[in-house]
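K.L.:
from the sequence below, what's the structure:
(chains A and B)
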Protein chains: 2
Amino acid sequence: MPVEIISVGSEYIVQRYQNNSVAVIANRLLKTGVEVDYVSSVVGREAQLEEVLRQAIERSSLIFVVGGVSSGDYDVTKKLLTRVLKKRLVLNYRILDNIQAQYTSQGEKMPRHAEKRALVPTDAEILTNEIGTIPGFLFTQADAHVVLLPGNAHELDVMLKQHILPRLDSRTFRVGSIGACVLKTCGMAIEHIKDALRTLERAYRHYKIDYISDCEETSIIVTVRGDGSSFVDSKLDAVESKIRQKLGNHVYGTGGQTLEEVVGDLLQERKQTVALAESCTGGMIASKLTNIPGCSAYFERGVVSYSNAAKISLLDVSPNIIEKHGAVSAETAVAMAEGVRWIAQTTYGLSVTGIAGPDGGTPEKPVGLVYLALASEQGKTQWHRYQFDGDRWMVRTRAAQTALNLLRQHIEKLPKNAEPASHDAISAT
Amino acid sequence: MPVEIISVGSEYIVQRYQNNSVAVIANRLLKTGVEVDYVSSVVGREAQLEEVLRQAIERSSLIFVVGGVSSGDYDVTKKLLTRVLKKRLVLNYRILDNIQAQYTSQGEKMPRHAEKRALVPTDAEILTNEIGTIPGFLFTQADAHVVLLPGNAHELDVMLKQHILPRLDSRTFRVGSIGACVLKTCGMAIEHIKDALRTLERAYRHYKIDYISDCEETSIIVTVRGDGSSFVDSKLDAVESKIRQKLGNHVYGTGGQTLEEVVGDLLQERKQTVALAESCTGGMIASKLTNIPGCSAYFERGVVSYSNAAKISLLDVSPNIIEKHGAVSAETAVAMAEGVRWIAQTTYGLSVTGIAGPDGGTPEKPVGLVYLALASEQGKTQWHRYQFDGDRWMVRTRAAQTALNLLRQHIEKLPKNAEPASHDAISAT
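P.N.:
This is a model prediction of the structure:
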């Protein structure tokens, strides 16, 4: 029976990273083994929204509807959904008190229009919201379950985990046995991944292998169907290990893991530290690493050395090197990595210098040319030269991701026991 | 007649910023005055995709279909769309040559499966792709126009501008007169914006005012319908100026402008420069500013001073200040801003220090507490204290955006003529 997500509001026209409630729901469901069949976004025009809601209830057995609270889309959706399901709205005084209390705590008077938020559909289960004031609702009809949630990605995620996912596990919604896993890869083009897994796809015809690729990485989604969850789980394990075998250390993680989380975990486990010297990535790597809670244990500093003066004064790069080889060169990259590591006294120094474009390229040094260097206590500083495709943002993103991947692969290659000792040696320097 | 966008593939489950082809199309259409009625994402299962395509052709007059090329979704979509529209696919040798040439230039042999990409539907107009190898197609049926585009946001944007938007202007697709504008605001909660514009909404009932809000900013979308484009344009101007009057300098730009672009333009116009000292934002501000081409004209350096040692050595912050007031304090923020400005010899020094969470908060200094400081040549260094809501990512994002907004509002308040002179004075120091 189909599963459907409907997002109400104009969010889809904003090109932004966060607040993507649809992605949060789809990911959580996928991890529980439930695939989504339809996803729609509807602007807040009532006639079209009602049409989409009616269609969903007709064709799907599990429907998630999300709408922004502050934009008013949530209230409109609640009203229409209640009408489509032939229920009524009644005022809930407990919720009204909560809303009132929130306004009072901010020293404001509750406006009249905020009262709408305390309206609750009859015959719907209230899904409490532990980190916000607006609850969600679960409607159960003969053939369909409709979950209405406020469109804040973070609140919605907490509510899903608390109220919905435990029931999905008990197969209230789930039909048949299905399992899925996501493998995340970096540093290998999607075409090469597909080539490498072509025989696998043939051998496991009854399994589905999907690919999602952006300019940073490729995710491989494996879905298995079968009789009984133990069958599904063992098949899933088998496919996963075959994929890992074929792709080697290009696989960096599973599920919702990000490359920066994996790098952070590796550094923390080994009690190692890193300092960054970024030129064309301009703080992107630092920004990724510092989004992980607790990163201060391994992230010492980052320098965005956009000007040559900054490279010389903050990273101790010799002006001669820049003059002789240019700011975008292997020599400068190496000097930046070694400089930042020496000054910050960290286990690793990681540097990026390149031409992000659209201007500034020459025949010898075209747009997209990027040098990465990694300085460490183990042997010589390594450097790599890349020629990345795409616009400014893509070149920068690819350079940042490739730099983190370089650090990951370097750490993973080291014997696990050797590090704490050598790190102590560095700290004592 | 309805307008619809269908995106084919699993992209919607990836929570990422870029490559959002749906947003690119919707934004371009909106700027041309065409509103989107339905947006759907379909996973690559053929039966459901065919169903969604059939429904779209039945209900909409202008349909955009996008699918990823490397994932294979584009080929599947092309095949199904051709079938639904009762056309056939034929091999186009010119496109085949292009694809072959691309493989050859990378020193690879073209795999057999890549041939599919050169299949072209009969009776469809080929939309050439200037920056890629895979073309799009325009199908014209009795009542519907279907535009099929490869799902790379950048290529697709260029193709839209070249092939589709000029025809939309000539009203092939457009019905009646409609105009829209987007105003971008920062630093004012959406509820307060709505309160401020409430009388406006009442006065202009026949205009639609929509709001899109995320944790960084709120966009206000005004849509006007009427007879004739001169009527629509003048009404739109009137509403826009009323909104600007009500919201004052909280409006920072229009359309697709970003806050960092506006700040960059302001600095460039005035030939001023900035250096950053970021603690909890960890490079986010630097990363935003350096995504703008030509930013090296005004962005001198950024320091991500995560450790106290980095604050002391890179920013010249006195250890006494950190010891006495703590790393998260107004005094440290001021010392960071003044330190980075002094060392980098820039017009402005902008600093952020705060507690992003989830750990590290205390009753006196809770999670979400952020200090910003702005040092400049004009008078005393200003500092501000904020208490931001939300998780780690949201606190950091809000802090970064608020810091940029602080700089924008400061520059906009200055008289325009005074700056070049004072900047020369600084350069000469």
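K.L.:
the residue of chain A most remote from its centre: helix or strand, and which one exactly?
P.N.:
In terms of distance from the mean C-alpha position of chain A, A:Asn320 ranks first, at 41.6 Å (Cα atoms, centre = their mean). Secondary-structure assignment from DSSP states H and E places A:Asn320 in helix A:319-325.
K.L.:
check whether that helix comes near chain B.
P.N.:
No - against chain B, helix A:319-325 shows no contacts by Cβ under 8 Å from any Cβ of the partner chain, the least distance being 14.4 Å. Using the backbone N, CA and C atoms, a C-beta is placed for each residue, glycine as well.
K.L.:
mind listing what's buried in that helix?
P.N.:
By neighbour count, and taking 16 or more other Cβ atoms under 10 Å in any protein chain shown as the criterion, the buried residues in helix A:319-325 are A:321-322.
K.L.:
pLDDT on that helix, on average?
P.N.:
When pLDDT is averaged along helix A:319-325, the result is 96.
K.L.:
from the contact counts, what lies against it?
P.N.:
Contacts defined by 3 or more Cβ pairs under 8 Å, 6 or more residues apart in numbering or on different chains; DSSP states H and E place helix A:319-325 against helix A:308-315, helix A:330-344.
K.L.:
out of these, which gets the lowest mean score?
P.N.:
Mean pLDDT values for those show the minimum at helix A:308-315, a mean of 92.
K.L.:
quick one: residues in contact with it.
P.N.:
If you take Cβ atoms under 8 Å, 6 or more residues apart in numbering or on different chains as the criterion, helix A:308-315 is touched by A:277, A:279, A:303-305, A:317-319, A:322, A:327, A:332, A:335-336, A:339-340, A:343, B:300-301, B:303, B:314, B:343-344.
K.L.:
just the buried residues of those.
P.N.:
In the contacts of helix A:308-315, burial by neighbour count holds for A:277, A:279, A:303-305, A:317, A:322, A:327, A:332, A:335-336, A:339-340, A:343, B:300-301, B:303, B:314, B:343-344, counting by 16+ other Cβ under 10 Å.
K.L.:
surely A:Thr397 touches A:Leu259?
P.N.:
No - here A:Thr397 does not reach A:Leu259: they are 11.6 Å apart, not a contact under Cβ atoms under 8 Å.
K.L.:
find residues that contact each of these two.
P.N.:
Taking Cβ under 8 Å, 6+ apart as the contact rule, A:Thr397 and A:Leu259 both touch A:Glu216.
K.L.:
doesn't A:Arg225 belong to a strand?
P.N.:
Yes - checked against DSSP: H, G, I helix; E, B strand; the rest coil, A:Arg225 lies within a strand.
K.L.:
so it touches A:Val232, yeah?
P.N.:
Yes - contact criterion Cβ under 8 Å: A:Arg225 and A:Val232 qualify, at 7.1 Å.
K.L.:
how close does A:Gln378 sit to A:Ile411?
P.N.:
With distances defined as Cβ to Cβ, to the nearest Å, the gap from A:Gln378 to A:Ile411 amounts to 10 Å.
K.L.:
residues of the stretch 151-300 of chain A that sit close to chain B?
P.N.:
Counting by Cβ under 8 Å from any Cβ, the residues of the stretch 151-300 of chain A close to chain B are A:154, A:190-191, A:195, A:210-216, A:219, A:221, A:276, A:278, A:280-287, A:289-291, A:293-296, A:299-300.
K.L.:
from those, which ones fall inside strands?
P.N.:
If you go by DSSP state E, those have A:210-213, A:219, A:221, A:276, A:278, A:299-300 in strands.
K.L.:
for the residues you listed, which one is nearest B:Phe388?
P.N.:
Within the set of these, A:Phe299 lies nearest B:Phe388; the separation is 21.2 Å, counting by Cβ to Cβ.
K.L.:
test of understanding: give the bridge partners of the closest one.
P.N.:
A:Val274 (DSSP bridges).
K.L.:
same question for A:Leu374.
P.N.:
A:Leu350, A:Gln382.
K.L.:
spit out the contact partners of A:Leu165.
P.N.:
Under the criterion of Cβ under 8 Å, 6+ apart, the neighbours of A:Leu165 are A:28, A:32.
K.L.:
any buried residues in the helix or strand harbouring it, and which?
P.N.:
The secondary structure element spanning A:Leu165 is helix A:165-169 (assigned by DSSP H and E). For helix A:165-169, a neighbour-count test (16+ other Cβ under 10 Å) marks A:Leu168 as buried.
K.L.:
check contacts around A:Thr359.
P.N.:
Rather than Thr, residue A:359 is Asp. A:Asp359 makes contact with A:367, B:293-294 under the criterion Cβ under 8 Å, 6+ apart.
K.L.:
which one of these sits in the busiest neighbourhood?
P.N.:
Using other Cβ atoms under 10 Å in any protein chain shown as the neighbour criterion, A:Val367 leads the contacts of A:Asp359 with 20 neighbours.
K.L.:
gap between it and B:Glu260?
P.N.:
From A:Val367 to B:Glu260 the distance is 21 Å (Cβ to Cβ).
K.L.:
returning to that earlier point: I'd like to know which of the residues of the stretch 151-300 of chain A next to chain B are buried.
P.N.:
When burial is judged by neighbour count using 16+ other Cβ under 10 Å, the buried members of those are A:154, A:190-191, A:210-216, A:219, A:221, A:276, A:278, A:280-287, A:289-291, A:295, A:299-300.
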